[in-house]
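Q: Next one to model:
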Amino acid sequence: MSRLSVRLLCTVVGLSLLSSALAVGTPVNTSISNTATLNYRDALNAPRTQTSNPVTVTVRQVYALSLTPDAAENAIPLSRQFSAQAGASRLIGYELVNAGNGPDTLTLGVTQSATDGFDVTTRLLPDANCDGTVDSAVPLGAAQTLAADERLCVYVEATVPAGAPTGAAARLTLTAASQGNPAVTDTENYAQVTVSAAGQLDITKTVSPTGSALPGAPLTYTVSGSVPAGNPVGAVSGVLTVDGVPRSGVLVRDVLTTLEFGAVTAASASSGAATALYSTDGGATWTAAVPASGVNAVALLVEGTGAFLPAGSTLTLSFTASIPAGTLAGTVVRNSAAATLDGNGDGDGTDPGETPVTPDTTTTVGTVVGAAVGPAAFPQGGASGSYTLRGTAIDRSGDTQTTTTPVTAGGNVTFRQTVLNTGNASNDFTLAVAGAPSGWTCTVQSISSSDTLGTLTNPVTLSAGQSLDFAVDCALPYGAAGTTNVVLTVSATPAGGSADTTTSTVAQVSAAGAPLLGNGDLNPATAPSQAGVTVATNPGTTASFPLELQNNGPVAETYTLSSTLTGTQLYADTNCDGTPDGAAITLTPSVAPGATLCLVAQQPVAAGTAAGETPVTFTATSTVTPSRTTSVTDTLRVNAVVSGTFGPDGAQSTIPGGSVTYSHTLTNTSNGAADFTVLPFTSAQGFVYSYATSSGGPFASTLSGTLAPGASTPLFVRVNVPASTAGTPAEAAAISVTLEAQAAPQPAATLQVTDTTTVQNVLASVVKSVRLCADVSCTVTSAITGGQVSPGDVLQYTLTVQNSGSSPLNGAVLIDTVPANTTFRALGGNNAALLYSVDGGGSWTATPPGALPTGDFQAGLDTNGDNVVDTADILAPGTSFEVTFTVQVN
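A: Next comes the predicted model:
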């Protein structure tokens, strides 16, 4: 070898922190296991859980490799065509990566074309730290063992034989083959070396710092050129036009397709006149003056005449640039430079070897963490305008928003907020609200485009540049009336970063209206009357009082109803016709804000009751705020003989270990006091019967007491079913009460009700299985051989939920999670009533979700058609539903 002429043909930065993206996927022998859970409530409203059988598969080893740069033998790009004089050497750079999911030994080799002009002599030389420099003259061995994702930078030293004719070309490729799977190879990586007696210019390019950089951080690029021993390099006539004037010389240019230009810091040459040039149109036109903006290409023009750069001449172009803001983390920014020269004296710059190109420099974009949170639609401040949310008007200004209409105490106020990921990578954000006064309950919640609130699970995951609307919702106590200017601080904290905050202000809280209970006129549109009324009736009949209850507060309320007279029964009057509807109630249904509920209070008057007037006061007390109470006082007038009533019959069901309580009313309709006795009942099924006059007990196997004439007592029958009860028995029990008058001749009567108790069993099952899909659509599936899968395989889990018992399952919700080392692909089911939730049950949709933000999902049947799955939805005995859950192994 007469001399060693080295051109760095593969500049490689240090090991990227994101190199895992190169691998086939999940490491070998990884176990992927998954178990689903069914949550439901039984007939006793007790929560129960049923887990499925676990399903486990194991990831097999997959062999893959990457050897770059790629080039076919008959399509070698200019960047892989090199020249060298006879007897000289070239370094041709490659990067080898074990792209499999486990360790592998890769065999390297060099294959030379059978149809080229000659063969070169080759050696493999190491670049251990991938910095673009050969580290040792000791050749590498052919077998190289690499861990998953590990890379190896290697140079092929190609030596042209002495005496090789000028213009002859040799083509060669570095090959690699997996020893784990010999079928895995990479052989199309050709380069060409042409014998040249002409002058040469070796150019290299480096970037500092190496490795990774953040967007906006300065990078210094240096292009260096040198004329090796041998013939000189000459000027190219009219190599380019500068400011409209043709120039001749040697040109080095760099187009900045993915960079933002900073400044030229060096432009020099050991011979000739060096000038830095600039272009704003990618090198179509050039100027010597630095443009004010928009530079996207730089060049070094070295002017001279003839062969003006002798052997040993050098030139340098250095400039700064930066990665544009917003570039995603992990992006690899590549850049190269090219030269134009005259190596053979013809001045045209178009002959082989006269347009050398540097290998790419590579810089991996680092991660920027940032968050912005602000008023609705303005996460970065600068807010303006107003909006109305759930009845409250809100003004936005800058980075704040404030209510402009009073908020009613006892109600809620809700602000819409927007959070934005200002970083350049996906990240988790924790959303919070602070500053609420004592007694206020403020939370962050999800909010739909139609202003529907739902559960928000922290943290939320946002991709770079993605924004999310959420709500800050505050429940105000009734005591908040008169409060002004409550400033709530809303924060968004990115993982690994600092919180951003915004403020939402409640300007004024007004008092809520009091509830009003009064006498009704069968017209809910008119206000209840507090003026007392007198209702007259005969002994042995029932007096009815039409009542109206008006909720003047800001939120729906339920009310406890009471009366000062014993035996009063209160009923809902749904159509306001003065007639009770349904069973007696002590607690009203929910009354909407501003709504009026019609009621009927019925007071039984026993036969033989003496005539007279008795005041009766009806009271309604809020269950939310007991201080919110309202009453109306009326008058019961009884207009101026052994019997009783006992009823009604009952029929209920329960499960082993449960109990049912039947509510009856025993009334002495005679004209004198009477003693009553409830007789014991012996169960043929082993049930235990006990009695009490209060739903809260105490209960005993017998019960006795005395009733004044016309008096009534509630009588509760409790039936306890032993936990050991087998099957589904039923029993109709005749409950007998003797009623005996105290006065002579003490006549007696036996009263009877029938209570029918049925036992149901509770049994739920969740069966889970998995099959291998032919593709992501999963239209064709097959069994998984040996329980092993490969990265990239698509798995379809089938989950079958069934009520195998005789008791209904209330609110049955199936919960499953994307297994570790897999990616969600699809979700579906076999029942049109299936609903899905991806926010912990906060919201439901009939459309299978296309993504699982938190990695899990819930599914259940909406049997009552109210578009949510809750305890009102029943999975009847013998019914089932099926969910299919598709994932792809990473």
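Q: any weak-confidence spans in the stretch 201-350 of the chain?
A: For the stretch 201-350 of the chain, not a single residue meets the criterion pLDDT under 70.
Q: Which segments of this structure make up each domain?
A: As assigned by automatic domain parsing, the chain contains the domains 1-25+62-197, 198-367, 371-510, 516-638, 644-759, 762-889.
Q: between those, which has the poorest average model confidence?
A: Among these, domain 1-25+62-197 carries the lowest mean pLDDT, at a mean of 83.
Q: Give me the distance from stretch 322-330 to the chain's centre.
A: 25 Å (CA atoms, centre = their mean, to the nearest Å).
Q: quick one: buried residues of stretch 855-870?
A: The neighbour-count check on stretch 855-870 (16 or more other CB atoms under 10 Å) flags 856-863, 868-869 as buried. To be clear about C-beta, it is placed using only N, CA and C from the backbone, and glycine gets the same treatment.
Q: Contacts made by that stretch with the rest, please.
A: Stretch 855-870 is contacted by residues 811-818, 824, 827, 829, 831, 833-838, 840-841, 844, 846, 849, 872-875, 881, 883, 885 when judged by CB atoms under 8 Å, 6 or more residues apart in numbering.
Q: are any of those residues buried, and which?
A: Counted by 16+ other CB under 10 Å, the contacts of stretch 855-870 give 811-818, 824, 827, 829, 831, 834-838, 840-841, 844, 873-875, 881, 883, 885 as buried.
Q: now, which of these lie within helices?
A: Counted as lying in helices by DSSP state H, out of these, is not a single one.
Q: Of those residues, which belong to strands?
A: Judged by DSSP state E, strands contain the following of these: 811-817, 824, 827, 829, 834-837, 874-875, 881, 883, 885.
Q: What are the buried residues along stretch 527-536?
A: For stretch 527-536, using 16+ other CB under 10 Å, the buried residues are 528, 535.
Q: Pull the distance from that stretch to the chain's centre.
A: Taking mean C-alpha positions (CA atoms, centre = their mean), stretch 527-536 and its chain are 57 Å apart.
Q: end to end, how far does it reach?
A: 24 Å (CA to CA, to the nearest Å).
Q: which residues are contacting it?
A: 516-521, 543-545, 547-550, 596, 613, 632-639.
Q: close enough to count as contact, residue 439 and residue 480?
A: Yes. Assessed by CB atoms under 8 Å, residue 439 is found in contact with residue 480 at 6.7 Å.
Q: Tell me which of those two has more neighbours.
A: Comparing residue 439 with residue 480 by other CB atoms under 10 Å, the one with more neighbours is residue 480, at 24 against 12.
Q: Could you pull up phi and psi at the more buried one?
A: Phi and psi for residue 480, reported as degrees, to the nearest 10, are phi -80, psi 0.
Q: quick one: residue 597 and residue 574 touch, right?
A: No. In this structure, residue 597 is not within contact of residue 574 by CB under 8 Å, at 9.1 Å.
Q: Tell me which of those two has more neighbours.
A: Comparing residue 597 with residue 574 by other CB under 10 Å, the one with more neighbours is residue 597, at 25 against 13.
Q: Check the buried residues of stretch 855-870 and tell me the two furthest apart.
A: Pairwise distances across the buried residues of stretch 855-870 peak at 22.9 Å for 856 and 863 (criterion: CB to CB).
Q: what's the spacing between the residue most central in space within the chain and residue 796?
A: For the chain, residue 853 is the residue whose C-alpha lies nearest the centre (CA atoms, centre = their mean; 1.4 Å). As defined by CB to CB, to the nearest Å, residue 853 lies at a distance of 21 Å from residue 796.
Q: cool, residue 148 as well?
A: Taking CB to CB, one finds residue 148 at 27 Å from residue 796.
Q: Looking at these two, which has the bigger crowd around it?
A: Taking other CB under 10 Å, residue 148 and residue 796 do not tie; residue 148 has more neighbours (24 against 18).
Q: Can you verify that one is assigned to a strand?
A: No. Counting by DSSP: H, G, I helix; E, B strand; the rest coil, residue 148 is not part of a strand but coil.
Q: any idea how far it is from residue 30?
A: Residue 148 is 11 Å from residue 30, by CB to CB.
Q: I'd say residue 243 and residue 291 touch.
A: No. In this structure residue 243 lies outside contact range of residue 291 using CB under 8 Å: 11.8 Å.
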